[in-house]
Structure formats: structure tokens, C-alpha cells
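S.K.: No sequence on hand, only this structure:
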């Protein structure tokens with residue numbers, strides 16, 4: 001029933017006696033929404049494009065009209081969720097009569113071979129659960145579980161708590177808390193509140209380390225070994241940037257701290273005017289301090305505003321003074337971030353960077369700008 005998404009075929013089975021769902025695809029992603037609580041279910045679908053936003057409105061408006069839903073590319077059918085999965089989640093949150101909406105992304109990479117479940121009832125959102133059969137993703141789940149427990153033990157506020165984890169017939173299930181309120185929308189914004197959140201984690205996790213002992217070193221070293229996969233211009237910029245970064249990091253011990261790895265407007269929400277973060281799948285424990293700030297700003301610009309290099313540089317300049325109140329050398333730290341994100345995606349795609357060519361070109365252009373700025377500052381200081 002779910003083409004190319006075998007995991008969904010294990011979680012859900014067609015059953016005419018069971019609850020009715022609407023299934024639709026958008027941008028290589030598949031969504032499964034129960035029709036008896038559609039507005040609440042759509043809390044997990046937060047499109048950033050006009051087309052996606054219109055699709056969301058139209059599905060809700062015409063949810064009872066199968067003909068129009070069909071024209072919108074939706075399927076209405078009755079499904080039975082795997083009883084063992086539902087029962088485990090009910091026990092983990094100590095609630096019955098729950099509703100579950102589900103999402104699954106593009107499965108062309110192993111890291112995406114997972115499903116996210118939004119669990120809720122009439123009173124509101126209860127928790128989120130993640131399910132996978134993929135060995136590689138199971139390791140990511142374990143890493144995130146260990147990380148959340150580690151951060152909670154350190155007293156880091158406004159992050160999920162682990163409700164439970166289990167294995168059911170080859171499927172790993174990970175359940176985590178949420179305080180998100182129904183109707184909360186993604187906010188494409190950046191400022192002191194986002195920086196203060198990263199500051200709170202940085203101060204609780206920072207430590208002095210030699211460069212070669214860090215997670216960051218592993219990514220830079222990996223990139224150095226794979227520079228041949230980039231064009232001449234890319235190789236030249238990356239070599240210069242890495243040399244400059246390592247001249248500083250290799251001299252003595254430096255401060256490193258926890259790095260969320262995907263701190264963006266899409267992985268935070270706001271309750272009682274406080275910022276909460278989730279999705280710690282790609283976190284690391286020894287990265288240059290405050291790199292999350294630059295990931296947030298860069299992804300917000302590229303994905304939220306559809307900005308190119310020039311507009312992103314303009315946005316960065318707008319916030320540079322604010323960032324500089326927290327980060328000793330913003331330009332250099334931005335360089336560190338860009339080298340990491342390029343290395344991360346090269347590793348994630350197993351060297352097939354043509355699959356993300358537009359992103360790589362964007363990051364390398366930003367890196368070239370930051371390198372020139374840092375070089376000018378270095379010459380000026382001398």
C-alpha cells in the first residue's frame with residue numbers, strides 16, 4: 001500500500017472495520033492522518049511553501065469529500081495500527097484512547113528510514129514516538145536516548161524526556177515527551193532567545209580539549225581525505241579554510257561543547273514564551289562552542305527564506321553584533337560550522353554530493369566569504 005515505505009506497511013494494515021485515515025504525499029514525504037481528529041493531526045505537518053500550506057488547508061476543508069481528496073492526491077482508507085506498537089505507547093504514557101498521526105520521509109538514504117508518530121488525545125499533544133527497522137537508525141535512536149538522559153541529568157531545561165524504548169519484532173520504538181501546545185506554528189525568526197538557549201547548553205557542557213580528541217576533528221579529518229570529490233574551486237576554498245581553522249585549533253587546548261546538530265526553526269517550539277528544542281539525533285559532545293547558532297541562521301535563511309549566498313551574508317551581518325556578544329569570533333566560528341556541514345553531508349550521502357549540489361555550492365560560497373573576512377582581519381591585526 002505504501003510504495004517504497006515498507007516500514008509503514010508494518011505499522012499500518014488496511015482493515016475496513018477500523019479507523020479512517022487520509023494518506024497523502026508531499027515533497028517525497030508521506031503523511032497518515034486520522035480523519036476523526038484531523039486538525040490536531042495536522043499539527044505535525046508544518047509546510048514552509050505556499051503549495052504545501054494550500055494543500056494543508058484544502059485537505060482539512062474537503063476531508064469528507066473523497067472525489068476532491070483524490071484530485072488533491074490523497075487516499076482515504078481504513079487502517080489498523082500494529083496493536084503491539086499502540087499498546088506499548090499507551091503503556092509508556094499511561095493513557096488509553098489515544099490518536100496517532102504518522103509521518104515518514106524520503107527513504108533513499110538509510111538515515112531517513114524511520115517513522116515519526118504524533119500521539120495525542122482530546123486534551124492535546126501527549127508525546128512523539130519514533131519507529132525504525134534500520135540498524136543504522138537504531139544506533140541513532142540509542143545515541144539520542146543517551147544524550148537526552150545526559151542533558152537532563154545536567155539540568156538542561158526545555159528538552160524532551162525519555163518515556164521509553166523497546167524492540168518489537170525487529171522494530172525499535174523510542175518515545176519522548178513534549179510540552180508543545182496544539183496550533184503552535186513554525187516561527188521563522190532568529191534572535192536573543194535562540195542564542196540564549198544554546199548558551200545554556202554550552203555553559204553546562206563546555207570543556208577544554210585538544211583538537212585531536214574532539215568530534216570536530218573527526219569530521220575535518222574525514223573531509224580532508226575526500227577533497228578530491230569536490231571541483232577545483234571547492235577544493236581550493238576548503239583547503240584554505242581547513243588550514244586556517246587548524247592553525248588555530250592545533251596550537252593548544254580550546255573550548256568545545258555540546259552541539260545539537262540540527263537546531264533550526266523546524267526543531268523548536270514555544271510554550272509559555274519559552275523555547276523548547278527537540279530532535280537531538282545528530283548531536284555531538286565536543287564541537288566548537290556555539291556552532292548551533294550558525295546552523296540555525298543558515299538553515300533559516302536557505303530553507304525558510306529561500307535565500308542565496310548574498311542574502312544570507314546580509315542576514316548574518318544584521319545579527320553579527322548580537323552574536324558577537326556571545327561568541328568571541330563569529331566569523332571564524334561560522335567557518336568552522338560550514339566546514340562541518342559540508343563534511344557531514346558528504347559523509348551522509350557517501351560521497352554522492354551531486355545529490356545535494358545546490359546546498360554544497362551555497363555552503364562553499366559562504367565559506368569563501370567567511371575565509372576572506374577572517375583573512376582580512378588577520379592581516380589587519382598584524
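M.R.: Everything's here; your move. What you are looking at is a predicted structure, and each value in this text was computed from that prediction instead of being measured.

S.K.: going forward, measure contacts and count neighbours with C-alpha atoms only.
M.R.: Noted.

S.K.: Do me a favour and get the backbone dihedrals for the residue nearest to residue 158 when sequence neighbours are not counted.
M.R.: Closest residue to residue 158 apart from its sequence neighbours, by C-alpha to C-alpha, 6 or more residues apart in numbering: residue 276 at 4.6 Å. Torsion angles at residue 276 (phi, psi; degrees, to the nearest 10) stand at phi -120, psi 140.

S.K.: Ok, the one 4 residues further on next?
M.R.: Torsion angles at residue 280 (phi, psi; degrees, to the nearest 10) stand at phi -100, psi 30.

S.K.: and it, what pLDDT?
M.R.: pLDDT recorded at residue 280 is 96.

S.K.: for the one 4 residues further on, same thing?
M.R.: In this model, residue 284 is scored at 97, pLDDT.

S.K.: Next up, phi/psi of it, please.
M.R.: phi -140, psi 160.

S.K.: same check, this time on residue 277
M.R.: Residue torsions, per degrees, to the nearest 10, at residue 277 are phi -120, psi 150.

S.K.: Leaving out the residues flanking it, which one is nearest to it?
M.R.: residue 268 is the one closest to residue 277 (C-alpha to C-alpha, 6+ apart), at 4.3 Å.

S.K.: The one you found and residue 275 touch, don't they?
M.R.: Yes - with contact defined as C-alpha atoms under 8 Å, residue 268 reaches residue 275; the gap is 6.6 Å.

S.K.: and those two? which has more neighbours close in?
M.R.: Neighbour totals were compared for residue 268 and residue 275, and residue 268 leads with 20 against 16 (other C-alpha atoms under 10 Å).

S.K.: dump the residue contacts of the more buried one.
M.R.: When contacts are counted by C-alpha atoms under 8 Å, 6 or more residues apart in numbering, residue 268 touches 186, 275, 276, 277, 278.

S.K.: Residue 249 too?
M.R.: With the criterion set at C-alpha under 8 Å, 6+ apart, residue 249 makes contact with 210, 211.

S.K.: picking up where we left off before, scan the contacts of residue 268 and report the most crowded one.
M.R.: residue 277 (23 neighbours).

S.K.: give the contact list for residue 45.
M.R.: Residue 45 neighbours (C-alpha under 8 Å, 6+ apart): residue 56.

S.K.: Look up how far residue 175 lies from it.
M.R.: 19 Å (C-alpha to C-alpha, to the nearest Å).

S.K.: all strands of the stretch 101-250 of the chain, in order?
M.R.: Applying DSSP state E, counting those that start in this stretch to the stretch 101-250 of the chain gives strands spanning 114-121, 124-132, 162-168, 171-177, 207-209.

S.K.: Could I get those in JSON lines, plus columns for mean neighbour count and mean pLDDT?
M.R.: Shown next, in JSON lines, are the strands of the stretch 101-250 of the chain (neighbours: other C-alpha atoms under 10 Å; pLDDT from 0 to 100):
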{"stretch": "strand 114-121", "mean neighbour count": "22", "mean pLDDT": "96"}
{"stretch": "strand 124-132", "mean neighbour count": "21", "mean pLDDT": "96"}
{"stretch": "strand 162-168", "mean neighbour count": "16", "mean pLDDT": "96"}
{"stretch": "strand 171-177", "mean neighbour count": "22", "mean pLDDT": "97"}
{"stretch": "strand 207-209", "mean neighbour count": "15", "mean pLDDT": "96"}
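
S.K.: and of these, who's closest to residue 106?
M.R.: strand 114-121 (9.5 Å; C-alpha to C-alpha).

S.K.: Quick one: residues in contact with the closest one.
M.R.: The set of residues external to strand 114-121 that reach it, using C-alpha under 8 Å, 6+ apart, is 7-8, 40-41, 44, 97-105, 125-134, 137.

S.K.: okay, the angle between that strand and strand 124-132?
M.R.: Relative orientation of strand 114-121 and strand 124-132, computed by axes from the mean of the first three to the mean of the last three C-alpha atoms, to 10 degrees: 160 degrees.

S.K.: partner strands of strand 114-121, parallel or antiparallel?
M.R.: Within its sheet, and counting by DSSP bridges, strand 114-121 is paired with strand 99-104 (antiparallel), strand 124-132 (antiparallel).

S.K.: Any chance of a markdown table for the ones you listed, columns distance to residue 221?
M.R.: Below are the strands paired with strand 114-121 laid out as a markdown table (distance: least, C-alpha to C-alpha, whole Å):
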| stretch | distance to residue 221 |
| --- | --- |
| strand 99-104 | 33 |
| strand 124-132 | 30 |
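
S.K.: Packing partners of the lowest-mean-pLDDT helix or strand in the chain?
M.R.: Across the helices and strands of the chain, mean pLDDT, DSSP states H and E gives its lowest value to helix 357-381, namely a mean of 84. With contacts taken as 3 or more C-alpha pairs under 8 Å, 6 or more residues apart in numbering; DSSP states H and E, helix 357-381 sits against helix 232-249, helix 309-324, helix 330-348.
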